[in-house]
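Asker: Could you work out the structure for the sequence below:
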Amino acid sequence: MTANKKTASIQLSLPCEIVKKYPGQEQADLNVKINIPGHWFNDMDAEDRAKEFVSTAVEYSTCRQFGTGRNSAKTEALRFQVEEDVAAQPDHEECVFDSEDGDSA
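Answerer: Okay, the predicted model is just below:
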């Protein structure tokens, strides 16, 4: 048995979900949906932090600034919209990537 067939055989016998991974820009172009745990968000109460939220990739930035000062970092980033928020506020424009240099609105 070749290494690829052996690996495929092991993967099929494990109780797991096979997930496709796409580059950031393609995720935004395809509007990939994922479940985001509530604890990833700031300012959530304990009940919401325990939930998962269905979110859609809507925008990709090649260089996004996170944080300030010594703890800041520039990296690629995807912006996701939580479907519950969009339903409640269709014009939700918060945290839009304005430019490739990482500035946000």
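Asker: how close does the residue nearest to T75 when sequence neighbours are not counted sit to D45?
Answerer: Distances taken as C-beta to C-beta, 6 or more residues apart in numbering place R64 nearest to T75, at 6.3 Å, with adjacent residues excluded. No exception for glycine: its C-beta is placed from N, CA and C like everyone else's. Between R64 and D45 the computed distance is 27 Å (C-beta to C-beta, to the nearest Å).
Asker: Repeat that for E52.
Answerer: Taking C-beta to C-beta, one finds E52 at 15 Å from D45.
Asker: now H39
Answerer: For H39, the distance to D45 - C-beta to C-beta - is 11 Å.
Asker: State the distance from the nearest residue to F66 once chain neighbours are set aside to H39.
Answerer: Spatially, and ignoring its direct neighbours in sequence, F66 is nearest to A73 (5.3 Å; C-beta to C-beta, 6+ apart). Distance, A73 to H39, by C-beta to C-beta: 20 Å.
Asker: In terms of neighbours, single out the busier of those two.
Answerer: Between A73 and H39, counting by other C-beta atoms under 10 Å, H39 is the more crowded of the two (13 against 8).
Asker: Looks to me like the more buried one is in a helix.
Answerer: Yes: under DSSP: H, G, I helix; E, B strand; the rest coil, H39 falls within a helix.
Asker: Make residue 1 into 791 and carry on from there
Answerer: Happy to do that; since the first residue is 791 now, the last one works out to H829.
Asker: check contacts around it.
Answerer: R839 (C-beta atoms under 8 Å, 6 or more residues apart in numbering).
Asker: of E842 and D835, who's got more company?
Answerer: E842 (12 against 8).
Asker: residues contacting the more buried one?
Answerer: By C-beta under 8 Å, 6+ apart, the contact list for E842 reads 825-828.
Asker: And the pLDDT at the residue nearest to F856?
Answerer: Note on A863: pLDDT of 85.
Asker: Is the residue nearest to T865 in contact with E866, as I believe?
Answerer: Yes: contact criterion C-beta atoms under 8 Å: R854 and E866 qualify, at 7.0 Å.
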